[in-house]
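Student: Below is the sequence, then the predicted model.
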Amino acid sequence: MTRTLRALAALALLPALGLVSGCTDTAVAPGVGATAQTTDALTLLPASADMVGMMDFQAARGSAALDAMTGGAGLGFMSGGGAQDFDTFVRQTGFDPDTDLDRVYVAASEGGPRAAFVAYGRFDRDRIEQYVAGQPDLNLTPTDVEGVPVYLAQSDDGGRGGFALVNDQMILGGDEATLGQMIRRLGTDGQAPSAELQALLDRVQHPDGAWFVARGLDRLGGDLPSDAPPAALAARAADGVVLSMAFGDDGVPVRAFVVTRAGTDTGDVADALRGGIAAAKMGVKDEPAALDVLDRATVEPRDGGVEVDAFLTTAFLNAARAD
């Protein structure tokens, strides 16, 4: 990893959790809101998930800052040796993820089956079905659940998973059992997120960019050596984390909130994270754009946790692309 990208890693991976944040002084985030897509996706995805996230590809495509970072090449879904197959897929199905995919919601649990997802966009279901039927090498078995076309493939662990073509605006994905459960929840009130998960969702600062929440991090903890870096010690104190970012024209504001375990001194955790940022700055001291991002990052203890704020400038994103 280059020194410029170390600055991003220092923010995105600082406490091994993705601790970065945005550029607002408010301590309470607006939450993920109640848009139709968000409400439907959270209803369909497993309510017991430990991790839930969303990426708004439409918003990302409209960001001048990200466009500069990618050199105008879009989001780069396919490249290299797979480009020819991808071109064939686009031509035969009429679906191009780089232009037709709008939002993807994902849920997963530690040690559980494969992640489940709900994807929104513009899908020509008939053409996709015809394409799959004409590609035996895909090893997809067609079936249906409640009248919804489902395509399943065998995984290495012996289970089956795949995707369901709900309509021309929605695709579901996951293991076979989860897919069936999600399909049966279509058109119902489904399951509301647990109170623990909802508390994290309520702290999402940028609901229309990209966000990620994770709970139960205390179950993943282990003994750390006495010489562990400050950021690792801060991660050990975390019970949950909320990360979100917006896609602007002049840069990417990012916010994280680290939910600390009961009895934890949030001031100590904040000091540990500041120490991690200080150490990262030593590695990019001759890279002005990266150093500027780290210099402007702030860490503040809040009620129940620690908030970390940063802003990825266009200069920093351009430098990352150049590297």
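Tutor: That came in fine, so what should we check first?

Student: Which parts of the stretch 201-323 of the chain are helices?
Tutor: 230-236, 266-283, 288-296, 314-322 (DSSP state H, counting those that start in this stretch).

Student: Need these in a markdown table (columns: mean pLDDT, distance to F57 and mean neighbour count).
Tutor: Where you see a C-beta, it was placed from the backbone N, CA and C, and this is true even at glycine. Formatted as a markdown table, these follow (pLDDT from 0 to 100; distance: least, CB to CB, whole Å; neighbours: other CB atoms under 10 Å):
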| stretch | mean pLDDT | distance to F57 | mean neighbour count |
| --- | --- | --- | --- |
| helix 230-236 | 71 | 29 | 22 |
| helix 266-283 | 91 | 29 | 19 |
| helix 288-296 | 94 | 24 | 19 |
| helix 314-322 | 81 | 17 | 18 |
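
Student: got TSV for these, with distance to A115 too?
Tutor: Below are these laid out as TSV (distance: least, CB to CB, whole Å):
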stretch	distance to A115
helix 230-236	22
helix 266-283	28
helix 288-296	30
helix 314-322	26
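
Student: and of these, who's closest to F247?
Tutor: Nearest to F247, of all these, is helix 314-322, at 10.7 Å by CB to CB.

Student: What is the end-to-end distance of stretch 154-162?
Tutor: In stretch 154-162, first residue to last residue: 9 Å (CA to CA, to the nearest Å).

Student: Name the residues of that stretch that are buried.
Tutor: 160-162 (16 or more other CB atoms under 10 Å).

Student: cool, stretch 49-66 as well?
Tutor: 49-61, 63, 65-66.

Student: Out of those residues, which is nearest to Q92?
Tutor: Nearest member of the buried residues of stretch 49-66 to Q92, counting by CB to CB, is F57, at 21.6 Å.

Student: Surely the closest one and V104 touch.
Tutor: Yes. F57 is within contact range of V104, at 7.0 Å (criterion: CB atoms under 8 Å).

Student: Give the helix, strand or coil label for L66.
Tutor: Secondary structure assignment for L66 (DSSP: H, G, I helix; E, B strand; the rest coil): helix.

Student: I'd assumed V252 was in contact with it.
Tutor: Yes. L66 is within contact range of V252, at 7.3 Å (criterion: CB under 8 Å).

Student: list residues touching both of these two?
Tutor: L317 (CB atoms under 8 Å, 6 or more residues apart in numbering).
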